[in-house]
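1. Sequence and predicted model, in that order:
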Amino acid sequence: MRLPLLFRPCSHVFQAFFGHFPVFRHKLLSRAAALPHLSTLRKTMHYQIEERGSPNTTEYRIYFKNSDGNYISPFHDIPLIAEKEQGNDMPAKKAKRNNSEVLFNMVVEVPRWSNAKMEIATEEPLNPIKQDVKKGKLRYVANIFPHKGYIWNYGAIPQTWEDPNHVDSETKCCGDNDPIDVCDIGMQVCTPGQVIQVKVLGILAMIDEGEMDWKVIAINAEDPDAEILNDIDDVRKSRPGHLEATVDWFRKYKVPDGKPENQFGFNAQFQDKDFAVEIIKSTHEHWRALVRDQTKCGGIERKNVSCCDSPFICNDKEATDLIQSAPAFGCKHSVPSEVDKWHFV
């Protein structure tokens, strides 16, 4: 059956994803830096990021461009599944790997060991990354002993959406209205806006203030340990304490802000890779309905440049005009000293 235009030019990958699982893998490209007079531009894999506004301010944004230099939405226009580089619309070549698997794209929002709560701005056109704001102040996660900031590279899987209209059959909670979150446990410390390919290992069912907030556990496909980590049990065996630390972090990270501890489904037990992939597939289907205007949007900005079945598609000029109106890139502001405080909870 012919797949809808929404999924092209990578339709063969989605066909594989919803059927059998061949190997797809990108070679990560090193990021190059350039400094136009109004913004900064960095290359990450097939994508460039353009910074606007001053870092550590409420105006700061990270916008995304594709390899042709056109603005895109990291939420809607970066594919769910990572393909190996190809040309002339030919099928992707299999990577030189022994095991069959699908690799997923991950948009890094927060690097490991950092505190700024950066996130895809789901309610802004073309969904740049920005720092979350609460009561007019930039949000930083607290350092809860013995952790420093985030303990993994933290980000989102594009083209997924935790639908607030959908009730999870196990936890009876609705989605949190965001792309599905992912924790990369690889050794590389990434940068905000970096796009990496990850191997899914498992998932944690966190319940955040009554909302379903899945946390996918994954590893950068280029990490030296990626070959030996194939499921959540491999993490448990080879990295003692890592999963327990992850639960502890998610349970307590809001406590210094006066919030109660977060709760978990499945008695805070990690579910395996197959379970995680099914959740990703489900949230991808919810995203498909979102960009096709087949469900309530929950305030989500659905403007995109590549989803051909979407009524919210815009052209390159519209996208460019939108971003060019943003403030010019400026000097980095200082971070409040209390961000370095250590909390004992």
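-> Received it, and whenever you're ready, just let me know what you need. Numbering: from 1, shown residues only.

2. Distance from the strand ranked longest in the chain to the middle of the chain?
-> Ranked by residue count and defined by DSSP state E, the top strand of the chain is strand 195-208. In terms of CA atoms, centre = their mean, to the nearest Å, the centre of strand 195-208 is found 9 Å from the chain centre.

3. now swap in stretch 151-165 and tell me
-> Distance of stretch 151-165 from the chain centroid (CA atoms, centre = their mean) equals 5 Å.

4. re the thing from before, can you pull the alpha-carbon coordinates of the longest strand of the chain into PDB?
-> What follows is strand 195-208 as a C-alpha-only set of coordinates in PDB (Å, rounded to 0.1, in the frame of the first residue of the first chain):
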ATOM      1  CA  VAL A 195      20.800  15.900  16.700                       C
ATOM      2  CA  ILE A 196      22.000  12.400  17.400                       C
ATOM      3  CA  GLN A 197      20.900   8.900  16.500                       C
ATOM      4  CA  VAL A 198      20.100   6.700  19.500                       C
ATOM      5  CA  LYS A 199      19.500   3.100  20.200                       C
ATOM      6  CA  VAL A 200      16.400   2.600  22.400                       C
ATOM      7  CA  LEU A 201      17.000   0.400  25.500                       C
ATOM      8  CA  GLY A 202      13.900   0.800  27.700                       C
ATOM      9  CA  ILE A 203      11.500   3.200  29.200                       C
ATOM     10  CA  LEU A 204      10.300   4.600  32.600                       C
ATOM     11  CA  ALA A 205       6.700   5.600  33.200                       C
ATOM     12  CA  MET A 206       6.900   8.800  35.200                       C
ATOM     13  CA  ILE A 207       3.700  10.500  36.300                       C
ATOM     14  CA  ASP A 208       4.300  14.300  36.600                       C
END
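
5. Quick check: phi and psi at N220.
-> Torsion angles at N220 (phi, psi; degrees, to the nearest 10) stand at phi -50, psi 130.

6. what number of residues lie near it?
-> When neighbours are counted by other CB atoms under 10 Å, N220 registers 24. From N, CA and C alone the C-beta is placed, and that goes for glycine too.

7. And the one 5 residues further on, by the same measure?
-> Neighbourhood size, D225 [other CB under 10 Å]: 16.
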